[in-house]
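S.K.: Show me the folded form of this:
(2 chains)
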Amino acid sequence: EPEVTQTPSHQVTQMGQEVILRCVPISNHLYFYWYRQILGQKVEFLVSFYNNEISEKSEIFDDQFSVERPDGSNFTLKIRSTKLEDSAMYFCASTSDGGAEAFFGQGTRLTVV
Amino acid sequence: RKEVEQDPGPFNVPEGATVAFNCTYSNSASQSFFWYRQDCRKEPKLLMSVYSSGNEDGRFTAQLNRASQYISLLIRDSKLSDSATYLCVVKVRGTALIFGKGTTLSVSS
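M.R.: Residues are numbered from 1 along each chain as shown, chains lettered A, B, ... in the order given. Below you'll find the model as predicted:
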């Protein structure tokens, strides 16, 4: 069964450092997303990406965040200067047509110290 | 006002029990509705979509009441493997999914 893969599974970083979280969406999917889940809280939408540009973003997705699809397979989330409150599980997801089932990757646990 | 609200839980039930989860959403323009399941420290996985006419998938039945902005999930004959957090999810517009905080179910033998 095709799946969304994310790397790394766990990243520890110093406050103020830049991190890049990587995702490989399902190959024939066209819509890509990042969500985050702070421990004990709900899953929150960050950004959606379609046709090589951001199609929608939440209030959380401020100037410290950026997304990129550098090649035909990877989809990355960059956090420019990490804060303690960025510590969370970050999930990548993809869908074939934006309305169908969203497939989630296993997540990257980001710990900012 | 929270966009998607769910029973806080946790629900602790014995095997074989029937359990129901409720969810309300605030935006009347919501277009699509889902129940996702999330195991501890894992990714959310789609359990079922929810349709206006109600739908069933084995032991699971989902209902939607658009007038009341209410969604429900019924699990019959609970199994140990049903233990998880159940997330009520809506899509308002565009492509973003809006998640509830989830209700934790623990099924014991």
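S.K.: From here on, just use CA atoms for contacts and neighbour counts.
M.R.: Fine.
S.K.: first vs last residue of stretch B:87-103, how far apart are they?
M.R.: One end of stretch B:87-103 sits 7 Å from the other (CA to CA, to the nearest Å).
S.K.: does residue 40 sit in a helix, a strand or a coil?
M.R.: Assuming you mean chain A. Under DSSP: H, G, I helix; E, B strand; the rest coil, residue A:40 falls in the coil class.
S.K.: What about it, how many residues nearby?
M.R.: 9 (other CA atoms under 10 Å in any protein chain shown).
S.K.: where does it land on pLDDT?
M.R.: pLDDT recorded at residue A:40 is 91.
S.K.: per-residue confidence at residue B:1?
M.R.: Residue B:1 carries a pLDDT value of 57.
S.K.: cool, and residue A:1?
M.R.: With respect to pLDDT, residue A:1 scores 76.
S.K.: Report how many residues lie close to it.
M.R.: Using other CA under 10 Å, residue A:1 is surrounded by 3 other residues.
S.K.: State the distance from it to residue A:55.
M.R.: Applying CA to CA to residue A:1 and residue A:55 gives a distance of 27 Å.
S.K.: For residue A:26, which three-state class applies?
M.R.: With three-state DSSP as the criterion, residue A:26 was assigned coil.
S.K.: doesn't residue A:4 make contact with it?
M.R.: Yes. With contacts counted by CA atoms under 8 Å, residue A:26 reaches residue A:4, the gap being 5.5 Å.
S.K.: element containing the closest residue to residue B:83 other than its chain neighbours, please.
M.R.: The shortest distance from residue B:83 to any non-neighbouring residue, by CA to CA, 6 or more residues apart in numbering or on different chains, is to residue B:106 (4.6 Å). Using DSSP states H and E, residue B:106 falls within strand B:103-108.
S.K.: just the strands in chain B please.
M.R.: Under the criterion DSSP state E, chain B carries strands at the ranges B:4-6, B:11-14, B:19-25, B:32-38, B:44-49, B:55-57, B:60-65, B:70-75, B:84-91, B:97-99, B:103-108.
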